[in-house]
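>>> fold the following for me, if possible:
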Amino acid sequence: MKTIKVLAVLLIPLLFTGCFDVFQSVSLHDGEIEIALRYTLQAGLLEMINGFSEEKIDINELLDEADATLPEYKGFSLGVTEINTSFHKGIEMRMAGNMDALEVNDEKQYFLPIQNGSHYSILIPSMADGDELDEMGAAFLSGSMYTLLIDLSGDLQGVRDARLVYAGNTMLSSDEDSELLVHIYGSSMLVELPMLFMFLAPDDFSIELY
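Have a look, this model is predicted:
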């Protein structure tokens, strides 16, 4: 996640619209889990930055840094693919394994659906670094989203909604001022959260599926 912070810092002075998004998908069948975690940056923006800046941005260097910061859990397979199209540049991680074989030691179990009684909880890392986000930074992130796609055909088939738990608070998708969008399409549930929330959250937070 460190790389996403770096990208934001580099792009904030140059653009006032969202330019990158984070996507995660989760599928769980009989304890066998498959997770995809992807972030993408608009390729045109990199070209614009390199055209106006004396210091060129090396996308391969950023991707290598991203590769080093992706979570790796013992007992799980891990594959990382570079995304390089005419419109997008970024990286995608795919992870699979059995939850019973998961070994995390003292590490936080980021991005994994951990069952807690009648619901599942997915821990999401905060991207706040202690510095106050200025107006340009907020504008830059306003169009960017963290999107979570849940497969409801397996162990998660009883899930019907999601809520956000952060700093001792709970935000429901039905709350009047909620930043959480939740919709079910067939056998999938789509959860959307502004990236701005992730950069303002002082601590890690959870998306609970219930």
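>>> which residues of the protein fall in strands?
Along the chain, the segments classed as strands by DSSP state E run 20-29, 32-42, 77-84, 88-98, 114-116, 119-124, 145-151, 162-166, 169-172, 181-185, 188-194, 205-209.
>>> just put those strands in JSON lines and tack on distance to Lys108.
C-betas here are computed from N, CA, C, even on glycine. Shown next, in JSON lines, are those (distance: least, C-beta to C-beta, whole Å):
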{"stretch": "strand 20-29", "distance to Lys108": "16"}
{"stretch": "strand 32-42", "distance to Lys108": "15"}
{"stretch": "strand 77-84", "distance to Lys108": "17"}
{"stretch": "strand 88-98", "distance to Lys108": "15"}
{"stretch": "strand 114-116", "distance to Lys108": "11"}
{"stretch": "strand 119-124", "distance to Lys108": "6"}
{"stretch": "strand 145-151", "distance to Lys108": "17"}
{"stretch": "strand 162-166", "distance to Lys108": "15"}
{"stretch": "strand 169-172", "distance to Lys108": "20"}
{"stretch": "strand 181-185", "distance to Lys108": "24"}
{"stretch": "strand 188-194", "distance to Lys108": "18"}
{"stretch": "strand 205-209", "distance to Lys108": "11"}
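>>> columns mean pLDDT on top of the ones you listed, output as a markdown table?
Listed next are the strands of the chain as a markdown table, based on pLDDT from 0 to 100:
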| stretch | mean pLDDT |
| --- | --- |
| strand 20-29 | 91 |
| strand 32-42 | 89 |
| strand 77-84 | 88 |
| strand 88-98 | 90 |
| strand 114-116 | 93 |
| strand 119-124 | 95 |
| strand 145-151 | 95 |
| strand 162-166 | 96 |
| strand 169-172 | 96 |
| strand 181-185 | 97 |
| strand 188-194 | 96 |
| strand 205-209 | 97 |
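>>> Glu107 is nearest to which of those strands?
strand 119-124 (10.7 Å; C-beta to C-beta).
>>> and the angle for that closest one with strand 32-42?
Relative orientation of strand 119-124 versus strand 32-42 (axes from the mean of the first three to the mean of the last three C-alpha atoms, to 10 degrees): 40 degrees.
>>> put the alpha carbons of strand 119-124 into CSV.
Backbone C-alpha positions of strand 119-124 (Å, rounded to 0.1, in the frame of the first residue of the first chain) are rendered in CSV as follows:
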residue,chain,number,x,y,z
HIS,A,119,-20.5,-12.3,10.2
TYR,A,120,-17.2,-12.1,8.2
SER,A,121,-14.8,-9.3,8.8
ILE,A,122,-12.3,-8.0,6.2
LEU,A,123,-9.5,-5.8,7.6
ILE,A,124,-8.4,-2.9,5.4
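>>> elements contacting it?
On a contact count with 3 or more C-beta pairs under 8 Å, 6 or more residues apart in numbering; DSSP states H and E, strand 119-124 meets strand 114-116, strand 205-209.
>>> and of those strands, who's closest to Lys89?
Across those, the minimum distance to Lys89, taken as C-beta to C-beta, is reached by strand 205-209, at 26.7 Å.
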